[in-house]
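S.K.: model the structure of this input:
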Amino acid sequence: MVQSEASLLDAVEHLATAERQGDVAAIAQLLAVDYLGHDPAGRSQDRASVLRAYADGGALLTTVQLSELQARIVGEIGLVTGVSWMQGRQGLEHVNLRLRFLEVYAWRDERWQLVAAQNTRLPW
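M.R.: Model (predicted):
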């Protein structure tokens, strides 16, 4: 893979597919060891908590659709903004969210890895 906006967007799409399929191994490959994010409620998430949520079945997403994607590369950092629509469940809670997101990827080991993310809930 080459470091380009197209390869960055491929990584974003690959992560969305892995989340929808509950593919813990693929999610683990795309999340950096030092990943830190914040969900729409403002709660912090690290790599271990995200992987645990998918591994134990606590996160089960049936829909993950991305739109309005924009990518930009600054040195070894890739910035992606967009809108995601997610349906499924988180624990016992039904999820049906539209989110605006900012994801920060780092080019490491010849691939993009997600190092930070911020999600903001959008109205319907």
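S.K.: ok, the residue nearest the centre of the chain to residue 123 distance?
M.R.: In the chain, the C-alpha closest to the average C-alpha coordinate belongs to residue 15, at a distance of 5.8 Å (Cα atoms, centre = their mean). Computed with Cβ to Cβ, to the nearest Å, the distance linking residue 15 and residue 123 is 25 Å. C-beta coordinates here come from the backbone N, C-alpha and C atoms, glycine included.
S.K.: just the helices in the chain please.
M.R.: 5-21, 24-30, 47-55 (DSSP state H).
S.K.: what is the neighbour count of residue 95?
M.R.: Counted with other Cβ atoms under 10 Å, residues neighbouring residue 95 total 16.
S.K.: list the contacts for it?
M.R.: With contacts taken as Cβ atoms under 8 Å, 6 or more residues apart in numbering, residue 95 has the following neighbours: 61, 86-89.
S.K.: nearest residue to it other than its sequence neighbours?
M.R.: In space, and not counting its chain neighbours, residue 95 is closest to residue 88: 5.3 Å by Cβ to Cβ, 6 or more residues apart in numbering.
S.K.: re the thing from before, dump the helices of the chain to JSON lines, plus mean pLDDT.
M.R.: Converted to JSON lines, the helices of the chain look like this (pLDDT from 0 to 100):
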{"stretch": "helix 5-21", "mean pLDDT": "97"}
{"stretch": "helix 24-30", "mean pLDDT": "98"}
{"stretch": "helix 47-55", "mean pLDDT": "95"}
